[in-house]
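In: please find the sequence and the predicted model below.
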Amino acid sequence: MTHPARLASNCAFRILCTTALLSILLLLGSCSSIQFAYGQLDRWLRWQLDDYVDLNREQEDQLQTALDSFLAWHRQTQLPRYADSMEQLAGQVDSGNLEAVRLEAVEDTARGYWETASTQFYDLLIPLAGTLDRQQIDELEENLREKRAESLEKWRESPEKVQRRRQKQIRKHSERWLGSLSDEQERLIAAWVAEVSYNPQLRDRQRAKWQARFIELLRRRPDNYQSQLRDLMLNPEQLWPGEYRQMQEERHQRARALSEKILASTTPRQQQHLSETLREYAQDFRELANR
């Protein structure tokens, strides 16, 4: 199965928003962990934000109000939709006709949920960005630079070690949905990792460009800058050059092809695991929505 959402952290407020949505959509592996994580999101997110900028008391109150508003809206309006999609997908798996499970359609559905939730979340949090003073913006800029350097440092390993780490990540996500993988599926993952390269320097340059634009808007605050911030956060790809955009699209297409091959190779036991997992998540979402 493809991942429902991808982490795309580029600034403190985008990190905050994206992490929240990812935590909601990622489906953390068991019924209890989903419900526990959802209940702890606001506290955990405040801790995350503290790594980037210190807020004053008024700003912290504004942040809490925004989080409370978003989570109430999300629980009441979005979680039932997620549950419906999970149950519909489980029904397709139960039919035994896995050709009916179109991963492109699954991606489109997840993307629609992501865009709806992220728009709501950004609209609540962007006014908070507008209250940052010069010292806080300086602090934010420095911490963004440090976090980016830390992220890049993780890739300064031997190519073999990087490949093993990427392979482990893909295996972990696949096992979340299917249970134990077959030797054939392990080989498919290993071959994909060996063939599809990843250049962290290219990604770092795009993040640096995005962060510079974000900080510039915060510092200058031109007319309708909050609208520009919103557009930048909802569409970070607008700063991608054509070559980088094409590279990302090719990687995405090849990742989908890998998912399709793995899905086509599933055993009856794995299909049962997939169906049960989807229904467990749907049940969790409905219980959370009714609280």
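Out: Happy to help now that I have it.

In: can you show me the helices along this structure?
Out: Counting by DSSP state H, the chain has helices at residues 12-25, 31-50, 57-73, 79-94, 103-129, 134-153, 159-178, 183-195, 200-220, 225-234, 242-264, 268-289.

In: in JSON lines: these, plus mean neighbour count.
Out: Heads up, the C-betas are built off the backbone N, CA and C, glycines and all. Below are the helices of the chain laid out as JSON lines (neighbours: other C-beta atoms under 10 Å):
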{"stretch": "helix 12-25", "mean neighbour count": "22"}
{"stretch": "helix 31-50", "mean neighbour count": "15"}
{"stretch": "helix 57-73", "mean neighbour count": "15"}
{"stretch": "helix 79-94", "mean neighbour count": "18"}
{"stretch": "helix 103-129", "mean neighbour count": "17"}
{"stretch": "helix 134-153", "mean neighbour count": "15"}
{"stretch": "helix 159-178", "mean neighbour count": "15"}
{"stretch": "helix 183-195", "mean neighbour count": "15"}
{"stretch": "helix 200-220", "mean neighbour count": "16"}
{"stretch": "helix 225-234", "mean neighbour count": "17"}
{"stretch": "helix 242-264", "mean neighbour count": "14"}
{"stretch": "helix 268-289", "mean neighbour count": "18"}
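
In: which residues does the residue lying closest to Lys261 once chain neighbours are set aside contact?
Out: Sequence neighbours aside, Leu188 is the residue nearest to Lys261 in space, at 5.4 Å (criterion: C-beta to C-beta, 6 or more residues apart in numbering). By C-beta atoms under 8 Å, 6 or more residues apart in numbering, the contact list for Leu188 reads Leu258, Lys261, Ile262, Ser265.

In: the last one: neighbour count?
Out: If I follow you right, that is Ser265. The tally of other residues near Ser265 (other C-beta atoms under 10 Å) stands at 15.

In: surely it touches Glu184?
Out: Yes - judged on C-beta atoms under 8 Å, Ser265 makes contact with Glu184 at a distance of 5.6 Å.

In: what about Asn290, distance to Leu79?
Out: 9 Å (C-beta to C-beta, to the nearest Å).

In: got the contact list for Lys147?
Out: Asp51, Tyr52.

In: give me phi/psi at Tyr198?
Out: phi -140, psi 130 (degrees, to the nearest 10).

In: these two touch, right, it and Arg166?
Out: Yes - if you go by C-beta under 8 Å, Tyr198 and Arg166 touch, sitting 7.0 Å apart.

In: mean pLDDT lowest for which of the helices of the chain?
Out: When these are ranked by mean pLDDT, helix 12-25 comes last with a mean of 39.

In: what residues are up against the residue nearest to Tyr225 when sequence neighbours are not counted?
Out: Distances taken as C-beta to C-beta, 6+ apart put Leu217 closest to Tyr225, at 5.1 Å, once the chain neighbours are dropped. With contacts defined as C-beta under 8 Å, 6+ apart, the neighbours of Leu217 are Tyr225, Gln228, Leu229, Leu232.

In: closest one of those to Leu55?
Out: Distances from Leu55 to those, taken as C-beta to C-beta, are shortest for Leu229 (17.2 Å).

In: how about the closest one, what does it touch?
Out: Ile126, Ala129, Phe214, Leu217, Leu218.

In: between those residues, which is nearest Ala208?
Out: Looking across the contacts of Leu229 and measuring by C-beta to C-beta, the closest to Ala208 is Phe214, at 10.8 Å.

In: test my guess that the closest one contacts Leu232.
Out: Yes - counting by C-beta under 8 Å, Phe214 does reach Leu232; the two are 6.2 Å apart.

In: need phi/psi at Trp240.
Out: Residue torsions, per degrees, to the nearest 10, at Trp240 are phi -80, psi 130.

In: isn't it right up against Glu249?
Out: No - taking C-beta under 8 Å as the contact criterion, Trp240 and Glu249 are not neighbours in contact, 10.1 Å apart.

In: distance check, Ala149 against Gln211.
Out: Relative to Gln211, and taking C-beta to C-beta, Ala149 is found at 12 Å.

In: and what of Leu263?
Out: Distance, Leu263 to Gln211, using C-beta to C-beta: 37 Å.

In: same check on Ala190?
Out: Distance of Ala190 to Gln211, computed by C-beta to C-beta: 34 Å.

In: please apply the same query to Val196.
Out: Distance of Val196 to Gln211, given as C-beta to C-beta: 26 Å.
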